[in-house]
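J.: Next one to model:
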Amino acid sequence: MRRLAAAVLTGTALLSGSLSGCSAGEDSGDPLQIATTLEPARPAVSPPQSGSPAGVVVPLGAATAVAVAGDRVAVAVAEPPSVLLYPLDAQGPPLVAPLPGVAERLTAVGDALEAPVPGSGVVVTVRPDGSTAERKVDGGPVDVAVAAGRTLVARRDARLVDVGDRAVTGVSSPDRVVVADGHAVVLDRPRSAVFDVVADDPEGPRLGAGLRAGDGATSIVADRFGRVLAVDTRGGELMAFSVAPLIMRQRYPVPGAPYGLAYDERRDLVWVTLTELNQVVAFDVAGGEPVERHRFATVGQPDSVAVDPGSGRVFVASGNGQGMQVIGT
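T.: Next up, the predicted model:
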């Protein structure tokens, strides 16, 4: 695995050496900005399928997110906006939980799910029986995480991350938030950068250090080793960051426009969808560098992936209406 040569990454001079010569970043005064126009990376448009998807495919419309919570696999779909709750074997009709708008992310909190709906300014809690409860969260809520009993909400339009009843500023586009070893990390997709949140500051939570994360990072997850794993869709890499302090530890090439990301904590497998290839690949991340363990053909446009740590089943959801794929490993 390729390792970074430098690991002192604090303050406003973060990565200034690696950004020297990037005039856009210098002109903007932002050392993490390398382009004149900030555009987040997006999943590659998948080519026509060349083979049959592995496992079983459950028909459904265009999916925006998939997650496992308790004994259910949940899929957020765009038409009509809702969360479909299936048993883990995906057999039988789902429970349907209507949403007031499209959710682009689902987060499991115990047996329930948190579904932020940025267009409606609400976060919807979806219970295992399909019932829901809404709470108003202005500013485009897009992701939710929980740390030490406090709920964190990334509010992209407001450029804030709520930590309990306090708000942290400083991230121009908080698109994803995860908690690794008790420490929150936020992904800014347009800048392809990650930031840590100092939640235990006596004066209140605040933004900590920031690091570039490749050329177009899109997804992050936390693993059981206290790291944050990220995929660089533009650069075709899997990256690993330690927290407290935030340091990039590993970079590993993953061709095929990696996008969706899920972690199996029992098997130490990180599952990555490759939208350019219509594939999903699993890497063992317990050692010094990732080791490929599985690779499967997927449904078209495999934008989302989730895994059930109990059974090892993998769920891949198509972003263009080709269904949810269930792979038994």
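
J.: in the chain, what spans have low per-residue confidence?
T.: 1-37 (pLDDT under 70).

J.: same thing but 80
T.: Flagging of the chain using pLDDT under 80 yields the residue ranges 1-38, 148, 200, 329.

J.: so where do the helices sit in it?
T.: 16-19, 23-28 (DSSP state H).

J.: In contact with residue 39, which residues are there?
T.: By C-beta atoms under 8 Å, 6 or more residues apart in numbering, residue 39 lies in contact with residue 190. (Glycine included, C-beta is placed from N, CA and C.)

J.: ok, it to residue 189 distance?
T.: Between residue 39 and residue 189 the computed distance is 9 Å (C-beta to C-beta, to the nearest Å).

J.: From residue 120, how far out is the nearest residue to residue 119 once chain neighbours are set aside?
T.: The shortest distance from residue 119 to any non-neighbouring residue, by C-beta to C-beta, 6 or more residues apart in numbering, is to residue 101 (4.1 Å). Plainly put, residue 101 is 4 Å away from residue 120 if you go by C-beta to C-beta.

J.: Compare neighbour counts for these two and give me the winner.
T.: Taking other C-beta atoms under 10 Å, residue 101 and residue 120 do not tie; residue 120 has more neighbours (19 against 16).

J.: and the spatially most central residue of the chain, what does it touch?
T.: The centroid of the chain falls nearest to residue 219 when counting by C-alpha atoms, centre = their mean (3.5 Å). By C-beta under 8 Å, 6+ apart, the contact set of residue 219 is 176, 187, 230, 231, 259, 260, 261.

J.: what's the answer for residue 305, then?
T.: Neighbouring residues of residue 305 by C-beta under 8 Å, 6+ apart: 66, 260, 261, 262, 271, 272, 273, 280, 314, 315, 316, 317.

J.: same deal with residue 140?
T.: For residue 140, the contact set (C-beta under 8 Å, 6+ apart) comprises 118, 119, 121, 155, 156, 157, 158.

J.: Distance-wise, check the closest residue to the first one other than its chain neighbours relative to residue 123.
T.: Yep, that's residue 118 we're talking about. Spatial nearest neighbour of residue 118, chain neighbours left out: residue 140 (4.1 Å); criterion: C-beta to C-beta, 6+ apart. As judged by C-beta to C-beta, residue 140 and residue 123 stand 11 Å apart.

J.: How about residue 110?
T.: Relative to residue 123, residue 110 is positioned 15 Å away (C-beta to C-beta).

J.: cool, residue 104 as well?
T.: 12 Å.

J.: where do the contact lists of those two overlap?
T.: Common neighbours of residue 104 and residue 123, counting by C-beta under 8 Å, 6+ apart, are residue 116.

J.: The two - which one has more neighbours?
T.: Set side by side, residue 104 and residue 123 show more neighbours around residue 123, with 24 against 20, by other C-beta under 10 Å.

J.: For the closest residue to residue 226 other than its chain neighbours, which residues are in contact?
T.: In this structure, residue 226 finds its nearest non-sequential neighbour in residue 181, 3.2 Å apart by C-beta to C-beta, 6+ apart. Each residue near residue 181 by C-beta under 8 Å, 6+ apart is listed here: 222, 226, 243, 244.

J.: Tell me how many other residues crowd the last one.
T.: Applying other C-beta under 10 Å, we find 15 other residues in the vicinity of residue 244.

J.: Please apply the same query to residue 322.
T.: By other C-beta under 10 Å, 24 other residues sit near residue 322.

J.: Can you give me the end-to-end span of stretch 226-243?
T.: End-to-end distance for stretch 226-243, by C-alpha to C-alpha, to the nearest Å: 7 Å.

J.: Can you list the buried residues in that stretch?
T.: Neighbour counts over stretch 226-243 (16 or more other C-beta atoms under 10 Å) mark 227-243 as buried.

J.: measure residue 247 to residue 241 for me?
T.: Noted for residue 247: a distance of 7 Å to residue 241, by C-beta to C-beta.

J.: any residues in contact with both of those two?
T.: Residues touching both residue 247 and residue 241 (C-beta under 8 Å, 6+ apart) are residue 211.

J.: sorry, back to before: so who does the residue nearest to residue 119 touch?
T.: 81, 117, 118, 119, 120.

J.: buried subset of those residues?
T.: 81, 117, 118, 120.

J.: Now the last one, what are its backbone angles?
T.: Per-residue torsions, residue 120: phi -110, psi -10 (degrees, to the nearest 10).

J.: Could you tell me which residues make contact with it?
T.: 99, 100, 101.

J.: Same check on the first one?
T.: Under the criterion of C-beta under 8 Å, 6+ apart, the contact partners of residue 81 comprise 98, 99, 100, 101, 102, 103, 117.
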